[in-house]
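> After the sequence you'll find the predicted model.
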Amino acid sequence: MKYEVDYTSRCMTNQVRNTRRIADPATRLGERLRQLRMSAGMTQTDLAGERFSKEYVSQIERGKTRPTRETVEWLAARLGVDADFLQKGVSTDERSRIETKLARAEALAEAWHNAEAIEHIEDVKTAALATGSPEIEVRLLSVEAIARQAVGEVREAIDLLLKARTIAESPGFSDVERADILFRLGICRYKLSSIATAVALFDQSLELAERSGLPCDLLRSKVLNWRSRCRRRQRDYEAAREDVERALELAEGLEDRRMTAHVYFQASLIAEREGHWVLARSYAERAKALYEEVEDEADVGRLLNNLGGLNFLLGKPEAAVTHLKDAFKVLIDAGRDDEAATAVSSLAQVQLGQGDLQTAEEQARHALTLLDGREDRLDEIGNAQLVLGRSLLEQGRLDEAEGVFGEAEGTFAKFESASHKAAVWIAKGDLAARRGDDSNAARLYRRAAETLQDFRF
């Protein structure tokens, strides 16, 4: 316990130290004023003229006082510079150009064109950082993090967001802006399967947003929707449903169709986990219709994959195959290879269920090729490995199956999901039974059952 307290204290001390390194707006303005004055060959007395005293100019330059907007405009006119440049470090025209570029990058990331978004960020990064504006830097860091985590560069995204978080602790940033950074960090931690950490970040984000007193219902809806994912992964389905219901209320209140679709998608996944397949399909169809209304092709593809799996569970393999093939085409066309791999893996599972073992093996291997190196997609990698192992098992290639099941167990060990681990142990139990090792098979089956029941003898 003492270690935890000491560690927390060190973290708080470091955060305060890092925050102090960031000059406040008055200090930054004072530094610019001094540099511009000296570049113009003026003394403090020259700059003050008959309007101010030399001492007042000195106080501004040392960051001891913050001038009014009227004073900033007067000083800027004396120095022959743009008033916004003096106050914020960037001229109105330059700031407008940079913000337009950043807005374009944000729109591209929202539309899943992440590689293009990163290109826009790189194009404007030097100019944006040269402004010395903490607001622009935080926005730059945030949008780059969003794009990079979407293409699998999750750890790089975390580094960017931690830097943004430190800057946002300085004066001039709202609790909503800080909450947004925590929300993005939560997504990254979720994608790395650090579920407990993700929940803590989402909790902090929601608390900041709610206490801010500022309009932020969209952010709150997003946080609740992602926290619901965590609750689902933790198999706390009641808490997951509660978060979804709150998120849906906020999204519908905003009349935001895309966000409403996201929430219905999550509701579908929760219903599926609880075995309510017809209800899950109903939610998925609502989400798909909303995604089509906003022309969100990537998420339409994800929903087609979801509907394919649900139709298979409902005993409609032909409809499942049709949906999954459509999902693959849509996602490949949208440049979402990682999501397309999910559709291929699902197809492999359907083919396995229908006894087409060779096709199941080929599709599972294809999915793994598409997912190579994506540590943010451990669930799909493990699922594809599991399908591949079972296809090999059914073909009588027992040693190969054993190796693949071992890989799947290693993947799911990082994923922090009891149900996925149990699925591997059941598969390994089937392998042991096929070899006639009934004792080992029984041990593995019992281990899986105990895990799923959250119970130990």
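Alright, I've got the coordinates. Residues are numbered from 1 along each chain as shown.
> For residue 263, which residues are in contact?
Contact analysis of residue 263 by Cβ atoms under 8 Å, 6 or more residues apart in numbering lists 221, 225, 244, 247-248, 251. In short, each C-beta sits where N, CA and C put it, glycine included.
> now it: how far from residue 74?
Per Cβ to Cβ, to the nearest Å, residue 263 is found 52 Å from residue 74.
> Likewise for residue 175?
For residue 175 relative to residue 74 (Cβ to Cβ), the value is 34 Å.
> Now do the contacts for residue 167.
22, 134, 137-138, 141, 173.
> Select from those the one having the most neighbours.
Using other Cβ atoms under 10 Å as the neighbour criterion, residue 141 leads these with 26 neighbours.
> That one is in what secondary structure piece?
Assigned by DSSP states H and E, residue 141 belongs to helix 134-150.
> Could you check that helix and say which residues are buried?
Using 16 or more other Cβ atoms under 10 Å as the burial criterion, the residues of helix 134-150 that qualify are 134-150.
> Over to stretch 152-161?
Here stretch 152-161 shows 152-154, 157-158, 160-161 as buried, counting by 16+ other Cβ under 10 Å.
> Help me confirm that residue 419 comes into contact with residue 452.
Yes: using Cβ atoms under 8 Å, residue 419 makes contact with residue 452 at a distance of 6.4 Å.
> Show me which of those two is the more surrounded one.
Using other Cβ under 10 Å, the more surrounded residue of residue 419 and residue 452 is residue 452, with 16 against 13.
> I'd say that one and residue 422 touch.
Yes: at 5.1 Å, residue 452 counts as touching residue 422 under the criterion of Cβ under 8 Å.
> Distance check, the residue lying farthest from the centre of the chain against residue 33.
Within the chain, residue 50 marks the point farthest from the mean C-alpha position, 55.6 Å out by Cα atoms, centre = their mean. Applying Cβ to Cβ, the value for residue 50 to residue 33 is 18 Å.
> Residue 249 - how many residues pack around it?
14.
> Look at it and give its secondary structure.
Recorded secondary structure, residue 249: helix (DSSP: H, G, I helix; E, B strand; the rest coil).
> Now do it, the pLDDT please.
As predicted, residue 249 sits at a pLDDT of 97.
> Residue 22 now?
44.
> go on, residue 319?
94.
> Pretty sure it sits against residue 311.
Yes: contact criterion Cβ under 8 Å: residue 319 and residue 311 qualify, at 4.3 Å.
> Find the centremost residue of the chain, please.
By Cα atoms, centre = their mean, the most central residue of the chain is residue 187, 3.4 Å off.
> Secondary structure element for that residue, which one?
Here residue 187 is assigned to helix 175-191, by DSSP H and E.
> what's that helix in contact with?
Contacts of helix 175-191 (Cβ under 8 Å, 6+ apart): 138, 142, 145-146, 149, 154, 157-158, 161-162, 164-165, 168-169, 195, 197-199, 201-202, 204-206, 208-209, 211-212, 214, 216, 219, 222-223, 226-227, 229-230, 376.
> Can I get the buried part of those residues as one ChimeraX selection?
Of the contacts of helix 175-191, the buried ones go into a single ChimeraX selection, burial set by 16+ other Cβ under 10 Å:
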select :138,142,145,146,149,154,157,158,161,164,165,168,195,197,198,199,201,202,204,205,206,208,209,212,216,219,222,223,226,227,229,230,376
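> Now intersect the contacts of helix 175-191 with the helices, please.
Counted as lying in helices by DSSP state H, out of the contacts of helix 175-191, are 138, 142, 145-146, 149, 154, 157-158, 161-162, 164-165, 168, 195, 197-199, 201-202, 204-206, 208-209, 211-212, 219, 222-223, 226-227, 229-230.
> number of nearby residues for residue 238?
9.
> how much distance is there from stretch 212-220 to the middle of the chain?
Relative to its chain's centre, stretch 212-220 lies at 19 Å (Cα atoms, centre = their mean, to the nearest Å).
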